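Engineer: Here is the input, now give the coordinates:
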Amino acid sequence: MTAFVETDFLLAIAKDDDWMQERAEDVLAEQDVVTSPFAYLEILLVFDRGQYDYVRLFANFLDLVPVESDDERQIVLKAVSYYQDGMTPFSAFHAVTAETRALPILSSDKAYQEVDPELIPLEPDSGE
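Structural biologist: Alright, predicted model coming up:
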């Protein structure tokens with residue numbers, strides 16, 4: 001049986017001092033688990049910036065607790081890379097989601113100028 005897990009499970013695996021770690025490790029040994037990119041976004045918010053090699057950490061995490069599809073795996077890994085390069089967690093996930101869907105981003109956030117999706121400025125034209 002495959003079970004869907006969320007952020008508390010990922011934290012139990014990641015943190016050495018988590019009181020649920022032993023149970024989470026037992027579950028990993030006994031059954032398949034899957035999660036969503038949103039759980040990985042939440043993990044990114046919990047971890048301190050600069051403390052980890054995020055791409056390697058999340059690639060290892062995804063081997064233990066996969067997401068549903070290869071597209072979702074790529075969303076997580078590329079978003080983590082954008083985060084490691086300085087984007088906020090939410091902007092990184094939004095950027096990669098837009099890229100994956102081949103859509104431009106309508107936003108005032110200038111961080112999107114540094115990544116692949118086309119940025120359509122949300123601000124009104126200065127001539128308006």
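
Engineer: When you work out contacts or count neighbours from here on, use the C-alpha atoms and nothing else.
Structural biologist: Fine.

Engineer: what packs against the longest helix seen in the chain?
Structural biologist: In the chain, with assignment by DSSP state H, the single longest helix is helix 70-84. With contacts taken as 3 or more Cα pairs under 8 Å, 6 or more residues apart in numbering; DSSP states H and E, helix 70-84 sits against helix 37-46, helix 54-64, helix 89-100.

Engineer: Make TSV from the ones you listed and add distance to R73 to it.
Structural biologist: What follows is the helices and strands packed on helix 70-84, written out as TSV (distance: least, Cα to Cα, whole Å):
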stretch	distance to R73
helix 37-46	8
helix 54-64	7
helix 89-100	11
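
Engineer: Can you tell me which of the ones you listed is most buried?
Structural biologist: Comparing the helices and strands packed on helix 70-84 by mean neighbour count (mean count of other Cα atoms under 10 Å), helix 89-100 ranks first with a mean of 19.

Engineer: Report the angle between that helix and helix 70-84.
Structural biologist: Using axes from the mean of the first three to the mean of the last three Cα atoms, to 10 degrees, the inter-axis angle of helix 89-100 relative to helix 70-84 is 140 degrees.

Engineer: Name the residues that touch helix 89-100?
Structural biologist: By Cα atoms under 8 Å, 6 or more residues apart in numbering, the list of residues contacting helix 89-100 from outside reads 41, 44-45, 71, 75-76, 78-80, 82-83, 104-105, 111-112, 115-117.

Engineer: Try it again at 7 Å.
Structural biologist: Residues outside helix 89-100 that contact it (Cα atoms under 7 Å, 6 or more residues apart in numbering): 41, 44-45, 75, 78-79, 82-83, 104-105, 112, 116-117.

Engineer: Which one of those residues is nearest to Y52?
Structural biologist: L44 (10.5 Å; Cα to Cα).

Engineer: So for that closest one, what's the pLDDT?
Structural biologist: Per-residue pLDDT puts L44 at 89.
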